[in-house]
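> Sequence and predicted model, in that order:
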Amino acid sequence: MGKRTYTPEHDAFLMRHPILDRVILAALFNREFNENRSVEAIRNHCRRQLGLKMINRARFSKHKIGKRFKKGEYPKGCEKTWFKAGHDIHSHGIEHEFVKEGRVFIKVTSNLRPPMKNFKAKARWVWEQHHGEIKKAVEQATSQSQSAEFPYTLEAVERVLDEQLSGWNNGNIDQFMRGYVKDSSVRFITNKKVKTSWQEITDSYKKGYPNKEAMGKLTFHRDEIRWINETAGISQVIGRWEVIQKKQLAEVPGSISTSLTTVPPSADLKRRKPDPQFDTLSGRFSLIFIGTKEGPKIQVDHTW
């Protein structure tokens, strides 16, 4: 795998948060740019390429220990009780600071248990003074990154299906195809082939159904219309399709209908008396809709 590069937008984002803890910074960076970069990679880039250094790395150098005090001697400003057995830093006042594993922590409250919950990394505390609570900022960034660019309703999905039915039953395949996403992301899946472009699907329909009489009458039975992810604007329709054609019209080889497996008719079809002049083709479908500028469109059509 080649070395990952950083764009000017990446560098600008990192420069805006010079003192933010690198673990938190890496999480925000990956959320913002949909990346998966490690904390070490972010830390190295900030230090080597951008010249950003953590201000909370208050480590003691080797062999440079503070002054040693004899029994009964205390540093100036300290209370004797601080050094008694069983006494620890958690009894100190608000905004007291201490160093742990090379990081500076500051006391922000005194009523939480266990006591360590009363402390925050100082770099995080300073950042939150200017930008607000990090948890809320991350939730807001996540919500914005996942929100649908083109929101729609499930009623709009039903209108797309109605328009497709109208187009098919009027012999208008172009109108029927308006319900699909017109780009390279569209997929049409049958039990024999996966079509990977809007034009390929259109050509296949026109070859298989050259005129209105060959297309017959199409009916959709919509069993379920639901959201997969409403925030992201992804929905699904599960149902059954049925096409009634005149029996004397032979199927054109290579048509879509020949690649679909006929399934047993539903209960309402069992009560219907068969007409010797017509053939009934039926099957099931699962459609995935996404939002576009023109409204919801089918991105994945799995028909069998």
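Structure's in. What do you need?

> dump the residue contacts of Gly233.
Ala148, Glu149, Phe150, Pro151, Tyr152, Ile290, Gly291, Pro296 (C-beta atoms under 8 Å, 6 or more residues apart in numbering). Backbone N, C-alpha and C define where each C-beta goes, glycine included.

> Of those residues - the most surrounded one?
Pro296 (27 neighbours; other C-beta atoms under 10 Å).

> what sits opposite that residue in the beta ladder?
With DSSP bridges as the criterion, Pro296 is bridged to Gly291.

> Identify, from the contacts of Gly233, the entry nearest to Phe188.
Closest approach between these and Phe188, by C-beta to C-beta: Ile290, at 15.0 Å.

> which residues touch that closest one?
Here Ile290 is in contact with Val181, Gly233, Ile234, Pro296, Lys297, Gln299 (criterion: C-beta under 8 Å, 6+ apart).

> I'd like these laid out as a markdown table, including pLDDT.
What follows is those, written out as a markdown table (pLDDT from 0 to 100):
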| residue | pLDDT |
| --- | --- |
| Val181 | 95 |
| Gly233 | 90 |
| Ile234 | 92 |
| Pro296 | 95 |
| Lys297 | 96 |
| Gln299 | 95 |
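
> And these, which is closest to Phe285?
For the contacts of Ile290, the minimum distance to Phe285 (C-beta to C-beta) is 13.7 Å, reached by Gln299.

> Surely the closest one and Val181 touch.
Yes: at 4.9 Å, Gln299 counts as touching Val181 under the criterion of C-beta atoms under 8 Å.

> where exactly do the helices run in the stretch 1-150 of the chain?
Secondary structure of the stretch 1-150 of the chain by DSSP state H, counting those that start in this stretch: the helices cover 8-15, 22-33, 39-48, 122-131, 134-146.

> how about those in CSV, adding mean pLDDT?
Shown next, in CSV, are the helices of the stretch 1-150 of the chain (pLDDT from 0 to 100):
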stretch, mean pLDDT
helix 8-15, 88
helix 22-33, 88
helix 39-48, 88
helix 122-131, 82
helix 134-146, 63
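
> Take these and lay them out in a markdown table including mean neighbour count.
Below are those laid out as a markdown table (neighbours: other C-beta atoms under 10 Å):
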| stretch | mean neighbour count |
| --- | --- |
| helix 8-15 | 14 |
| helix 22-33 | 18 |
| helix 39-48 | 16 |
| helix 122-131 | 17 |
| helix 134-146 | 12 |
